[in-house]
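Engineer: give me coordinates for this.
(chains A and B)
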Amino acid sequence: MNSISVQSVSVTLGSTKVIDDVSFDVAEGDYIGLVGQNGAGKTTLIKAIVGILPCSKGTIELFGTKVEDFASWKDIGYMPQMGGSDKMLFPATVEEIIALGLISGARFPKNLTKDNRHDVEIAMQSLGISSLRKKLLSELSGGQKQRVLLAKAMVNNPKLLILDEPNSAIDTKTREQLFDVLQTMNEKKKTTIIVITHDIGHIGRYASKLLYIDRKLIFYGSFKNFCESKSMTKEFGGETQHLMCHQHE
Amino acid sequence: MNIVTILQYGFIERALITGSIIALLCAMLGVVLVLRRMSMMGDGLSHVSFGAIALGLLLGITPIYIAIPLVVIVALFMMKLSTTKIYSDTTIGIMSSVGLAIGVVCASASGGFNVDIMSYLFGNILAIGQTEMMVSIGITLIVGIIMMLLYQDILYICFNEEQAKASGIAVEKINTVLTIVTAIVIVMTVQVVGIMLVSALLLLPAASALQIARGFKATMVIASIIGVISVIIGVLLSVIWNVPTGALIVLVNAACFSIALLIKK
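Structural biologist: Model prediction:
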């Protein structure tokens, strides 16, 4: 079964068509790098996939169910761009924020169960933030915040993990740690992963496929095919394409 | 006059009970409004309340009965406008001015700013009757249960609305419920501190708690304690010193906020 099926989808914001007739499938266990220039519609496409924005045309299915009817949201981990990190005064502790994904939808204030605490602990350990559990978001650095938000997205052990520019605001070492964690999830748990990024060369080292959009779908295939694609040479110019394909070697 | 003597008066008892439960609601709701950057909503809706109350007085209807449905309708209209066509602060500004203008016209038509209008403008908690107290307790119970029931979802929405939506939370429905609850609480609060001071009771306890609390639940609890204590101290001091109660409640709240700021430093 496909994790995601996008068929002839268009998304219109105001009077602007931001996504125009895009179709693709993401198989379970795929690791997709969603790339494109600023304003290409990457975030809009992801927001439509997770049901935040409606499609003006076409259909989106998650695990075989139309997104409008989809109910197993605990199977989806989503980390939006700068998600929550602008909430400088938000009073929740790191532990509370990570646990949000576990007890969302519950009625009345809930204390974490033993199993919940275990899941939060595993998520914190995998990202090296156990020592931050009692800190407030406002007391963390940009990189620490990013790791907390990633821990929140993956605490449910989701089948599909979608991250919108996870490597913004973090240093190179933290970035590599983060991508190692993602790779482990993809290889060992067969988690389907989609990462939005501008760094095509970097994501090319990890992703099984690149999805390049510019309002329309421009390219969908392996990094190797991307580097060898004549249409991509035409899109970027030979020198830029070579730089993207070889800068991280 | 000492505190024991003061507490023996029925009107003081009613003021303390009604004031405390409304302060509790305002504090909890205030935390949600502040975190969602909707602080000015309280101010805007209190001005709309003024228009509705003045209309009620003009028509000879108990103001709270006309104010609650009218303010709820306006609040929902404001929510609809700000999610589609206009920035929310612009919507609040427009409704605030229109509400105030309607209030002034109605007050003028009913013979100018009489005692009734003045008591709603600056609050008259000591004049709260048995029926108003029981209505306040009933509404507080209903609103309190709704807030507790939706606590986890509200927490998530306060943190990040989009993430909450992507987790399957019915954000629009909960926003509608919160808007209705806010409108009702504001109309009730008008009775305690008056239209001019509503947003203070709504925002000061929340702003104080946010300076010192660690954790969302702790913020709610601390804001509630500050809100209730401010009402109790404000009511008692206002009787002892013979100064307007609403204003004193706000000043005690402001003192708590200053202390919280100092503690944070």
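Engineer: contacts and neighbour counts: CA atoms only from here.
Structural biologist: Will do.
Engineer: can you give me the neighbour number for the nearest residue to B:Thr18 once chain neighbours are set aside?
Structural biologist: Take B:Thr18 and drop its neighbours on the chain: the residue closest to it by Cα to Cα, 6 or more residues apart in numbering or on different chains is B:Met133, 5.6 Å away. The burial count assigned to B:Met133 is 17, neighbours taken as other Cα atoms under 10 Å in any protein chain shown.
Engineer: B:Met133: what's it in contact with?
Structural biologist: Neighbour list for B:Met133: B:14, B:17-18 [criterion: Cα atoms under 8 Å, 6 or more residues apart in numbering or on different chains].
Engineer: quick one: mean pLDDT over whichever helix or strand it is part of.
Structural biologist: For B:Met133, the host element (DSSP states H and E) is helix B:130-149. Throughout helix B:130-149, pLDDT has a mean value of 88.
Engineer: pLDDT wise, what is A:Gln247 at?
Structural biologist: pLDDT for A:Gln247: 59.
Engineer: can you name the residues of the stretch 151-265 of chain B that neighbour chain A?
Structural biologist: Within the stretch 151-265 of chain B, the positions adjacent to chain A are B:151-153, B:156, B:159-160, B:162-163, B:165-169, B:210, B:213-216, B:219 by Cα under 8 Å from any Cα of the partner chain.
Engineer: now for residue 191, how many residues are close by?
Structural biologist: Unless you meant another one, I'm taking chain A. 23.
Engineer: that answer is for a different chain, and I need it for chain B
Structural biologist: Neighbour number of B:Gln191 under other Cα under 10 Å is 27.
Engineer: next one: A:Lys188
Structural biologist: The tally of other residues near A:Lys188 (other Cα under 10 Å) stands at 10.
Engineer: check the gap between it and A:Asn157 for me.
Structural biologist: According to Cα to Cα, to the nearest Å, A:Lys188 and A:Asn157 sit 12 Å apart.
Engineer: list the residues that contact the residue in the stretch 51-200 of chain B positioned nearest to chain A.
Structural biologist: For the stretch 51-200 of chain B and chain A, the shortest gap (Cα to the nearest Cα) falls at B:Leu149, measuring 4.3 Å. Each residue near B:Leu149 by Cα under 8 Å, 6+ apart is listed here: A:107-109.
Engineer: name the element residue 234 belongs to?
Structural biologist: I went with chain A, as the question did not name one. Using DSSP H and E, A:Lys234 falls within helix A:230-236.
Engineer: oops, wrong one, chain B.
Structural biologist: Applying DSSP H and E as the criterion places B:Gly234 in helix B:216-241.
Engineer: which helices and strands does that helix pack with?
Structural biologist: helix B:3-7, helix B:10-35, helix B:198-212, helix B:245-264 (3 or more Cα pairs under 8 Å, 6 or more residues apart in numbering or on different chains; DSSP states H and E).
Engineer: got these as CSV, with mean neighbour count columns?
Structural biologist: Formatted as CSV, the helices and strands packed on helix B:216-241 follow (neighbours: other Cα atoms under 10 Å in any protein chain shown):
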stretch, mean neighbour count
helix B:3-7, 11
helix B:10-35, 24
helix B:198-212, 27
helix B:245-264, 19
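Engineer: which stretch in the ones you listed has the least confidence?
Structural biologist: Mean pLDDT values for the helices and strands packed on helix B:216-241 show the minimum at helix B:3-7, a mean of 82.
Engineer: could I get that one in PDB with only the CA atoms?
Structural biologist: The C-alpha coordinates for helix B:3-7 follow below in PDB (Å, rounded to 0.1, in the frame of the first residue of the first chain):
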ATOM      1  CA  ILE B   3     -12.800  41.900  58.200                       C
ATOM      2  CA  VAL B   4     -15.100  39.700  60.400                       C
ATOM      3  CA  THR B   5     -17.800  42.300  60.400                       C
ATOM      4  CA  ILE B   6     -17.500  42.900  56.700                       C
ATOM      5  CA  LEU B   7     -17.900  39.200  56.000                       C
END
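Engineer: distance from the chain centre to it, please.
Structural biologist: Helix B:3-7 sits 27 Å away from the centroid of its parent chain (Cα atoms, centre = their mean, to the nearest Å).
Engineer: so what touches it?
Structural biologist: B:12-13, B:236, B:239.
Engineer: hmm, 10 Å instead?
Structural biologist: B:12-13, B:16, B:236-237, B:239-240 (Cα atoms under 10 Å, 6 or more residues apart in numbering or on different chains).
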